[in-house]
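*Asks:* missing the sequence, but the structure's below:
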């Protein structure tokens, strides 16, 4: 009994010690994430001050680039390693909280034909990206990330799916960079084409909301055309975003079921073991937010908490 | 005896990372809902 007590105390101490060891690394993650945010804001402010339209490169990509730079030059110092290794945990916390920003109610606000177009866009983008992935021999998980990024929405959907299908960080960096690069080009091209072919505000807004993958860039491209087009672009984009739960869940089940041939007799158990359970947390928070469980400012707070967790 | 020791030693890791992450996220969401956390800037 006495031995047990000693062991328990030691294990308690070691847990606390381990937790304390992670603090420097967690602080480093926060600093790198905030540096990404700082760069994003700096570029935005520079563009505004000099009246130039600069692509909105989100903090996540800057943070990834800073991380890559540190890891490939000086390396992660020993002191920070334990904390840096916890990034997967924070990523998952962030994904669950991200659920608050995807409201099923957004689907209702869009009219019948527009909603049909959103569904068509989702189906086309998912199948086309999967097909292109096969043609160009991309890694299947990278193709999945690109498909989700181009059908739903850029960065957030890619991060959520990366966690759900356990893809490499390298793949998600490629996918995020590709989506943002296409978005940056669209930001300049969409208004030009829209004006050239005299699209109505409604048609242009819908086009921008469906065609541009990153929410910030879709919003900006819509607003560059007109206020009315901007509002519709946001609505169409919001509707695409609302489908994220279904798509992530679908891909999570698909990848969890991969390689199940050996254990067919216990398919459900195998699927449950491999299934990333935190996706259920994401769906729960999304469902709660959709039923107005959180007030609007509270949704904004959850969104900010999610961004902090992602950094 | 040794089994007991190893269970006690690993109590923290017996709960999966996913479960810890969801627990923390839901706790944060609850604190936001209750108004305990009300201002988070980003």
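*Replies:* Now that the structure is in, tell me what you want to look at. These figures come from a predicted structure and were not determined experimentally.

*Asks:* can the longest helix seen in chain B be said to contact chain A?
*Replies:* When chain B is parsed with DSSP state H, its longest helix is helix B:17-33. Yes - against chain A, helix B:17-33 shows contacts by Cβ under 8 Å from any Cβ of the partner chain at B:17-22, B:24-26, B:28-29, B:32-33. Every C-beta, even on glycine, is put in place using the N, C-alpha and C of the backbone.

*Asks:* scan those residues and report the most crowded one.
*Replies:* When neighbours are taken as other Cβ atoms under 10 Å in any protein chain shown, the top entry among those is residue B:25 (28 neighbours).

*Asks:* just the element for residue 40, please.
*Replies:* Picked chain A for this. helix A:2-49 (DSSP states H and E).

*Asks:* for that helix, packing partners?
*Replies:* Helix A:2-49 sits against helix A:59-72, helix A:78-84, helix A:87-98, helix A:296-310, helix B:2-9, with contacts defined as 3 or more Cβ pairs under 8 Å, 6 or more residues apart in numbering or on different chains; DSSP states H and E.

*Asks:* please name the nearest non-neighbouring residue to residue A:97.
*Replies:* Spatial nearest neighbour of residue A:97, excluding adjacent residues (Cβ to Cβ, 6 or more residues apart in numbering or on different chains): residue A:306 at 3.8 Å.

*Asks:* so what pLDDT did that neighbour get?
*Replies:* At residue A:306, the model reports a pLDDT of 80.

*Asks:* can you report how many residues neighbour it?
*Replies:* Applying other Cβ under 10 Å, I find that residue A:306 has 25 neighbouring residues.

*Asks:* with residue A:33 as the reference, measure out to it.
*Replies:* Distance, residue A:306 to residue A:33, by Cβ to Cβ, to the nearest Å: 12 Å.

*Asks:* what do you get for residue B:17?
*Replies:* Residue B:17 is 20 Å from residue A:33, by Cβ to Cβ.

*Asks:* equivalent analysis for residue A:192, please.
*Replies:* Applying Cβ to Cβ to residue A:192 and residue A:33 gives a distance of 34 Å.

*Asks:* same deal with residue A:281?
*Replies:* For residue A:281 relative to residue A:33 (Cβ to Cβ), the value is 21 Å.

*Asks:* over to residue A:213?
*Replies:* 22 Å.

*Asks:* again, but for residue A:307
*Replies:* For residue A:307, the distance to residue A:33 - Cβ to Cβ - is 8 Å.

*Asks:* what do you get for residue A:297?
*Replies:* 23 Å.

*Asks:* tell me which of these two has more neighbours.
*Replies:* residue A:33 (25 against 11).

*Asks:* right, and the more buried one touches residue A:59 too?
*Replies:* Yes - with contact defined as Cβ atoms under 8 Å, residue A:33 reaches residue A:59; the gap is 6.8 Å.

*Asks:* in the stretch 151-300 of chain A, which residue sits closest to chain B?
*Replies:* residue A:281 (3.6 Å; Cβ to the nearest Cβ).

*Asks:* tell me the contacts of that residue?
*Replies:* A:96, A:99, B:21-22, B:25-26 (Cβ atoms under 8 Å, 6 or more residues apart in numbering or on different chains).
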